[in-house]
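Colleague: make a model of this:
(one chain, ligands or ions: 1)
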Amino acid sequence: MNLLKHCKDFRLMHLHLLALSFACVLADFELTAEYLSDLKADEALEIAAGEYNYDNQGNDWTGTCASGQKQSPIDLIYDDADVVSIPRIRFQNYNQQLQTPLVLVNNGHTANMVLPPTRRGERASISGGLLPGVFEAQSVHFHWGSANSKGSEHAINFERYDVEMHIVHKNTRYANLSVGEASAFSDGLAVLGVMFRARPRPISQHYGLNKVFNALPRIIPYQSNTTITGMFNVGQLLGNIVTGEFYTYQGSLTTPDCAESVTWTVFKDVLDYPNAQIAKLWNLQDSRSRPLINTYRELQDINNRTISFRQL
Ligand SMILES: [Zn+2]
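Modeller: Numbers count the residues shown, from 1 in each chain. Next comes the predicted model:
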């Protein structure tokens, strides 16, 4: 058995990962047992979701996706929102370097990166806003359109954006549960949504995001993965957006099983990002070897939910 090869393609080895009590050592870096365990849990969640695709923007998904009354995404409309006094989002350890390497995976639905703890051992976390607790960063992924369509999931005042990034967090009160298990609870998860607007020119300040997007050409086939090394912190994903203004509401995962477990925080400010980088997403392939494009779910009914807006 060639451990190096199996470490690189952890999917092939996922049945064996539970037996791995040691770090998976590669040529010039290592994945910790904790990170391997997180990768496995993330893969299990993907498998549990079953086969689904974006052919009908989710309108053919079943179960809670079809019957739920607190579904996401929605249109976030200022005139319909409660403009109220809300604490700002507090970011803890967002500026602390993460343990690396990070593994970026094409799981057939998105480019997904499980986030390890920081090098100090704590996780990046958020609190404040209308969050019911402290939530630790678990993973980041993206939703996008195509060369001629925008692909954000939420809309803001009837406007959709080119890309929407989701940073998925789990409530620390469910520290012993996986993300999938925590999604059984209405206060289980918190997702930060960041809109991207395509810009024609390169933009220099997105060092962390560029690391992720520059790795996309290495994960074009379904189930391929690659590693990102060097310095990286979760805060870099936010670029230079203003985080003091946001919409927040109770909703769901936007992929099956659409569990209604998410406190959503969607920032009003939009991150300008080069079109050439965004275009790398359109080259990814799904499990049918078709272009993975328009990876967004249709807008859902608000159903009398309160949408709150924090204004600066
Ligand atoms: Zn998402």
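
Colleague: from the chain's centroid, how far away is the helix or strand containing Ala66?
Modeller: Taking DSSP states H and E as the criterion, Ala66 maps to helix 64-67. Put simply, helix 64-67 sits 21 Å off its chain's centre (C-alpha atoms, centre = their mean, to the nearest Å).

Colleague: state the next helix or strand along the chain beyond that helix.
Modeller: Assigned by DSSP H and E, the successor of helix 64-67 is strand 75-76.

Colleague: which SSE is immediately downstream of that following strand?
Modeller: Downstream of strand 75-76, the first helix or strand assigned by DSSP H and E is strand 82-83.

Colleague: show the average pLDDT along that next one.
Modeller: For strand 82-83, mean pLDDT is 97.

Colleague: with stretch 214-232 instead?
Modeller: Mean pLDDT, computed over stretch 214-232, is 96.

Colleague: return the set of buried residues in that stretch.
Modeller: For stretch 214-232, a neighbour-count test (16 or more other C-beta atoms under 10 Å) marks 215-216, 219, 222-228, 232 as buried. For glycine as for every other residue, the C-beta is placed from the backbone atoms N, C-alpha and C.

Colleague: farthest-apart pair in those residues, please.
Modeller: Using C-beta to C-beta, these span at most 24.9 Å, a distance reached by Tyr222 and Phe232.

Colleague: quickly run through the sheet partners of the biggest strand by length in the chain, with directions.
Modeller: Counting residues, the longest strand found in the chain (DSSP state E) is strand 262-274. Note on strand 262-274: by DSSP bridges, its sheet partners are strand 189-199 (parallel), strand 246-251 (antiparallel).

Colleague: okay, Val262 and Leu192: tell me how far apart.
Modeller: Counting by C-beta to C-beta, to the nearest Å, the gap from Val262 to Leu192 is 11 Å.

Colleague: swap in His109?
Modeller: Note on His109: its distance to Leu192, by C-beta to C-beta, is 19 Å.

Colleague: can you check Arg88 too?
Modeller: Noted for Arg88: a distance of 13 Å to Leu192, by C-beta to C-beta.

Colleague: so which of these two has more stuff around it?
Modeller: Looking at Arg88 and Leu192 with other C-beta atoms under 10 Å, you find the greater number of neighbours at Leu192, namely 25 against 13.

Colleague: ok now do the more buried one, which residues does it touch?
Modeller: 89, 126, 166-167, 169, 265-267 (C-beta atoms under 8 Å, 6 or more residues apart in numbering).

Colleague: mind listing the strands for the stretch 101-250 of the chain?
Modeller: For the stretch 101-250 of the chain, the strands defined by DSSP state E, counting those that start in this stretch occupy 102-106, 111-114, 125-128, 135-144, 155-156, 163-171, 189-199, 225-228, 246-251.

Colleague: what's the closest of those to Asp60?
Modeller: strand 135-144 (17.6 Å).

Colleague: follow-up on the earlier one: okay, the longest strand of the chain in PDB with CA atoms only?
Modeller: What follows is strand 262-274, C-alpha atoms only, in PDB (Å, rounded to 0.1, in the frame of the first residue of the first chain):
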ATOM      1  CA  VAL A 262     -29.200  27.900   9.800                       C
ATOM      2  CA  THR A 263     -28.900  31.400  11.200                       C
ATOM      3  CA  TRP A 264     -28.100  33.300   8.000                       C
ATOM      4  CA  THR A 265     -25.900  36.400   8.000                       C
ATOM      5  CA  VAL A 266     -25.600  37.900   4.500                       C
ATOM      6  CA  PHE A 267     -23.400  41.000   4.200                       C
ATOM      7  CA  LYS A 268     -24.800  43.900   2.200                       C
ATOM      8  CA  ASP A 269     -21.300  44.900   1.000                       C
ATOM      9  CA  VAL A 270     -20.200  43.100  -2.100                       C
ATOM     10  CA  LEU A 271     -16.700  41.900  -2.800                       C
ATOM     11  CA  ASP A 272     -15.200  42.900  -6.100                       C
ATOM     12  CA  TYR A 273     -13.400  40.000  -7.700                       C
ATOM     13  CA  PRO A 274     -11.800  39.600 -11.100                       C
END
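
Colleague: can you name the element that comes right after that strand?
Modeller: Elements were assigned by DSSP H and E; along the chain past strand 262-274, the next helix or strand is helix 275-278.

Colleague: please enumerate residues in contact with that next one?
Modeller: 144, 162-163, 196, 198-200, 202, 209-210, 213-214.

Colleague: one more time with 7 Å
Modeller: 144, 162-163, 196, 198-200, 210, 213 (C-beta atoms under 7 Å, 6 or more residues apart in numbering).

Colleague: measure stretch 180-200 end to end?
Modeller: End-to-end distance of stretch 180-200 (C-alpha to C-alpha, to the nearest Å): 38 Å.
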